[in-house]
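# Sequence first, then the predicted structure:
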Amino acid sequence: MTVEQDFVALDQFPVGMRVLAVDDDQTCLRILETLLHRCQYHVTTTNQAQKALELLRENKNMFDLVISDVDMPDMDGFKLLELVGLEMDLPVIMLSAHSDPKYVMKGVTHGACDYLLKPVRIEELKNIWQHVVRSKGLDKNRGSNNGDKRDGLGNEVAANSDQNNGRANRKRKDQYNEDEEEERDDNDDSSAQKKPRVVWTVELHKKFVAAVNQLGFDKAMPKRILDLMNVEKLTRENVASHLQKFRLYLKRISGNQQAMMGHSDVHFLQMSSSLGGLDGYHHRQIPVGTSQFHGGATAMRSFPPNGILGRLNTPSGIGVRNLSSPPSGIFLLNQTDIGKFHHVSSLPLNHSDGGNILQGLPMPLEFDQLQTNSNIRNMNNNNNNKSISGNSMAFPSFSTQQSSLIGAPNNNLLVLEGHPQASPQGFPGHQINKRLEHWSNAVSSSSTLPPPVQNSNNSIHHQFDVSPLPQHSKPDSLEWNNGPTSYSIPFCDSATALSPGLDTNPRAFCRNIDFNSNANAQPGGGFYDSLQMRQYGPNTDAILSSNPKEGFIVGQQKLQSGFLVAEAGSLDDIVNSTMKQEQSQGDLSGGDLGYGGFSSLRTCI
Amino acid sequence: MQRQVALIKQSLFDQGYLDDQFMELEELQDDANPNFVEEVATLYFKDSARLINNIDQALERGSFDFNRLDSYMHQFKGSSTSIGASKVKTECTMFREYCRAGNTEGCLRTFQQLKKEHATLRKKLEHYFQLARQAGPKETARRPK
C-alpha cells in the first residue's frame, strides 16, 4: 500500500512542490512568484534573506527548494546559499542578472544546484523540480532499488551525489507524501528510517575532524570516520555528506588563503581552540585530537601533507613523542617554507621523542595555545625567525625532546624544516611551520645545531607555553611568529630569544629571556642566523633548554653573538642547563640561536 | 477599442520600448491574475523611481562612488529586464560601462538619458493600461495571438 501511496504521491510531484523564493527586488519577486505558481508549485516569498533563514530554520521540512537572488542588501546570496546548504541541506537555486561566469562559478562552489539568469523564463522554472528529485532520489535508490516506483521522481537518479540529501530527501519526501510511511524509508535507505536530520554541533564536528585527522585527510573514508567517531545514531551517510561539505569548505579556504595558515580549519568549526595540548610540551601528547589537530590536520590537508604535518595528524598525539622520527623537520614547516627548513629534518632525530616534538609542532593547534602567548606571535612575526613559536606550542613536547633534539647535532633541529609541510592553512601550526622554515633555513646554515637544549628541554617546556617556539620565528611565516623574533623557542626557555630577529618579542615569549639581544641580536643574520648559530652547537640547546623561562627564544640572536644566552641573561642559565648537554655555553648562545630557533624546532619536532 | 490597444502595444514593441519579456509577462496573466502585468508594472515603476532617486542623490553629492552606483544600476537593470523595459535596460548597461570606466561625464549623461527613457516608458505604459482596462480585461490581457 505504501507503494501505491507513494506512487500516487509521486505522480503528483512536482505539483505542489514547496518553493521559497527570496529576492529583494519586488518586481522580480512578484514575477517569480507568478511564474512559479504557473508551474503549479507552492510558493512562499520574502524579500529578505534573514527572514528566509528564519523561515527555514523554523521548520526545515516546510520547503523542498529555495530560489534566491544573488545581490541582496541584507545578506549576500551566496552566503545564504551556504547556510542553507549546511544547515538545511536543501537544494538552492541562484538567480541573478549577472551572467558573468565568475558568479556562476561562485554559485557552484558554494553549493548551488543551479544558476538562473534574469529575466527568468517559465520554461526554466518548469524543470527545477529535478533538483529536488535528484537529491531525494539518490536515497531512494539506495534503499529500494525500485526506480519504477518513482517514476517521475527519477528515483533512479543515480545521483550518487547526494548522500547528504538522501536523508534529507527522504525526509522531505516523506513530507511530501504525507502518507508515506516508514516503509519507504526502509526501502530507501539503510541508514534510517526517518532519520532525524543530523545536526553537526561543534562537539560532533570536533570528533569528526579528529577522526579525519587520524585517518589522514586524503584517506578518510566515511565508514572509517564513522567508526572512529563512535557516535550513536550517526550513519555513514551523515558522515559522508558532512565530509563532502568539509572538503569543499577546505578547498575553498585553501584557495583563498594559501598563506593563511591554517586558520581556516579552525574556523571551520572553531575548534581549534582546543589546541591546548601543546603547552605541556613535555611530551604531552599534543592533543592533537580534535580540534587542534583538526585544525592543523585539516589545514594541513590542503597543503601537501608535509611529513610533519602528517605526523600531526596521527592521533598519536602529536605528542612530541612521536617525533621519533622527526620527519625531518617536516613538521611544521609550512609547505612553502618547508624547504627552508631543510635542516629541520634532522631534528629530533636523535631523540626519538625529539622528533615528536616537532610533531607536536605541527600542531598548529597547539598553536593556539601559542597564541596565548600572543607574544610569541609577535615574536614570530617579526623576525624572520621562523618563530617556531607557533610551533612552540607544539614544542612543548619538544622541550623534552628538545634536549634530544637539540642535542642532536644535526642542526637539523630544524628538522622542522623543510618538510614543506604543507603548512596547514588553517592550521595554526601552519604558521609554525613557516617559522620553522625560516628557522630551518637559518639553521641549516648552521647545521649543527647543537642540541643544546637537550636536557634543557625540560626547561624549555615552560617556555613553551609561553610562547611556543618562537623559534626562529620566521619572520613572517608564522603569523604568530611575528612576535618578536624571539625565536624563543619555548623550548629553551632560556632560549634566549633565539630569534635573532626575534626581537624582543621573545620576551613575551620567552618570558624571560630577554632576549633583548635578540631583538636584533640577530647575530649573524637575524634570527635565522641564529639558527645557524646552531652551529654553535649545543648552545642553542642550552639556550633552549636552559631556562625554561626563557622560552625558547633562545636568543637565537644570541647565537650570533654567540650567546644570546648571555644576553638573555637567563640564557646563561639556560645555557648551562642546556649546556650540559653538549656544548659549551658559548656555543649555545651563538649557535643556539640558530639553534634556538632550531632547537626549538627540534623540540617541536 | 481593443484594436487600438493592440496597436499601441504593438508600437511599443516596435519602437523598442518593450521586448519579449513583456510578452512573457502577459502570458502569465490569466483569470487568476487578471491584472498581473499592470501590477508588475506598477511595482516596477515604484521601485525604479526610488532607485532613480538614490542615484540622483548620489550623483548630486558629487562623490562618484562608482561601486555604489554600479550596484544601484545593477538592481535597476535587473528589474527592467524582468519587465521587459528594453530601452531602459540599454541605458542601464551603458551607465554601468561608464561607471566601470570611471567616466563621470558619461555617467551623468547616460543617467539623464535613462531618466528620460524611463519617464517615457512610464507614460506610455500608463496610457496603455488605461486603454486596456477600458477595452475590457479579457481582450487586453491577452495579446493578440
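The structure has been received and is ready for your questions.
# Report all helices and strands that the longest helix that chain B contains contacts.
Determined from DSSP state H, the single longest helix within chain B is helix B:104-135. Using 3 or more Cβ pairs under 8 Å, 6 or more residues apart in numbering or on different chains; DSSP states H and E, the elements in contact with helix B:104-135 are helix B:2-14, helix B:36-61, helix B:86-101, helix B:137-141. Every residue, glycine included, has its C-beta placed from N, CA and C.
# Name the residues of the longest one that come out as buried.
Think helix B:36-61. Judged by neighbour count using 16 or more other Cβ atoms under 10 Å in any protein chain shown, the buried positions of helix B:36-61 are B:36-45, B:47-48, B:51-52, B:55, B:58-59.
# Any chance you could give me the next helix or strand after it in PDB, C-alpha atoms only?
Using DSSP states H and E, the helix or strand that follows helix B:36-61 towards the C-terminus is helix B:66-83. Taking C-alpha atoms only, helix B:66-83 is exported to PDB below (Å, rounded to 0.1, in the frame of the first residue of the first chain):
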ATOM      1  CA  PHE B  66      31.300  54.000  -8.800                       C
ATOM      2  CA  ASN B  67      30.800  50.900  -6.900                       C
ATOM      3  CA  ARG B  68      27.700  52.100  -5.300                       C
ATOM      4  CA  LEU B  69      26.400  53.500  -8.500                       C
ATOM      5  CA  ASP B  70      27.100  50.300 -10.200                       C
ATOM      6  CA  SER B  71      25.300  48.300  -7.700                       C
ATOM      7  CA  TYR B  72      22.200  50.600  -7.900                       C
ATOM      8  CA  MET B  73      22.300  50.300 -11.600                       C
ATOM      9  CA  HIS B  74      22.600  46.600 -11.400                       C
ATOM     10  CA  GLN B  75      19.400  46.400  -9.500                       C
ATOM     11  CA  PHE B  76      17.700  48.800 -11.800                       C
ATOM     12  CA  LYS B  77      18.800  46.700 -14.700                       C
ATOM     13  CA  GLY B  78      17.500  43.600 -13.100                       C
ATOM     14  CA  SER B  79      14.100  44.800 -12.700                       C
ATOM     15  CA  SER B  80      14.000  46.500 -16.000                       C
ATOM     16  CA  THR B  81      14.900  43.300 -17.600                       C
ATOM     17  CA  SER B  82      12.300  41.400 -15.800                       C
ATOM     18  CA  ILE B  83       9.600  43.600 -17.000                       C
END
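# and the residue of chain B positioned farthest from its centre, backbone torsions?
Residue farthest from the centre of chain B, counting by Cα atoms, centre = their mean, is residue B:63 at 26.7 Å. Torsion angles at residue B:63 (phi, psi; degrees, to the nearest 10) stand at phi -90, psi 110.
# Look up how far residue B:41 lies from it.
When distance is defined by Cβ to Cβ, to the nearest Å, residue B:63 is 33 Å away from residue B:41.
# Also residue A:205?
Counting by Cβ to Cβ - residue A:205 and residue B:41 are separated by 50 Å.
# Relative to residue A:45, which of the helices and strands packed on helix B:104-135 is closest?
helix B:36-61 (12.7 Å; Cβ to Cβ).
# Could you check the angle the closest one makes with helix B:104-135?
Comparing the axes of helix B:36-61 and helix B:104-135 via axes from the mean of the first three to the mean of the last three Cα atoms, to 10 degrees yields an angle of 160 degrees.
# What is helix B:36-61 packed up against?
helix A:26-38, helix B:20-28, helix B:66-83, helix B:104-135.
# which intervals of the chain have sub-threshold pLDDT?
Picked chain A for this. For chain A, the stretches with pLDDT under 70 are A:1-12, A:138-196, A:256-605.
# I was after chain B.
B:136-145.
# again, only using 50
By pLDDT under 50, the low-scoring segments of chain B are B:139-142.
# on that earlier part again, how about the helices and strands packed on helix B:36-61 in CSV, adding distance to residue A:216 and mean neighbour count?
Compiled in CSV, those are given as follows (distance: least, Cβ to Cβ, whole Å; neighbours: other Cβ atoms under 10 Å in any protein chain shown):
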stretch, distance to residue A:216, mean neighbour count
helix A:26-38, 46, 22
helix B:20-28, 53, 19
helix B:66-83, 44, 22
helix B:104-135, 56, 17
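# Switch the ones you listed over to JSON lines; also include distance to residue A:14.
Shown next, in JSON lines, are those (distance: least, Cβ to Cβ, whole Å):
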{"stretch": "helix A:26-38", "distance to residue A:14": "11"}
{"stretch": "helix B:20-28", "distance to residue A:14": "18"}
{"stretch": "helix B:66-83", "distance to residue A:14": "23"}
{"stretch": "helix B:104-135", "distance to residue A:14": "33"}
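# what about the ones you listed, which gets the closest to residue B:7?
With respect to residue B:7, and counting by Cβ to Cβ, the nearest of the helices and strands packed on helix B:36-61 is helix B:104-135 at 9.7 Å.
# how far is that closest one from where the chain is centred?
6 Å (Cα atoms, centre = their mean, to the nearest Å).
# Helix B:2-14 and that one, what's the angle between them?
160 degrees.
# Alongside chain B, which residues does chain A contribute?
By Cβ under 8 Å from any Cβ of the partner chain, the residues of chain A that approach chain B are A:24-28, A:30-31, A:34-35, A:37-38, A:71, A:96-98, A:118-122.
# make it 10 Å
A:23-32, A:34-35, A:37-38, A:69-73, A:95-98, A:117-123 (Cβ under 10 Å from any Cβ of the partner chain).
# just to revisit the earlier point, out of the helices and strands packed on helix B:36-61, which is closest to residue A:229?
Taking the helices and strands packed on helix B:36-61 one by one with Cβ to Cβ, helix A:26-38 is closest: 40.5 Å.
# Packing partners of the closest one?
Applying 3 or more Cβ pairs under 10 Å, 6 or more residues apart in numbering or on different chains; DSSP states H and E, one finds that helix A:26-38 makes contact with strand A:18-22, strand A:42-46, strand A:65-69, helix A:122-126, helix B:20-28, helix B:36-61, helix B:66-83.
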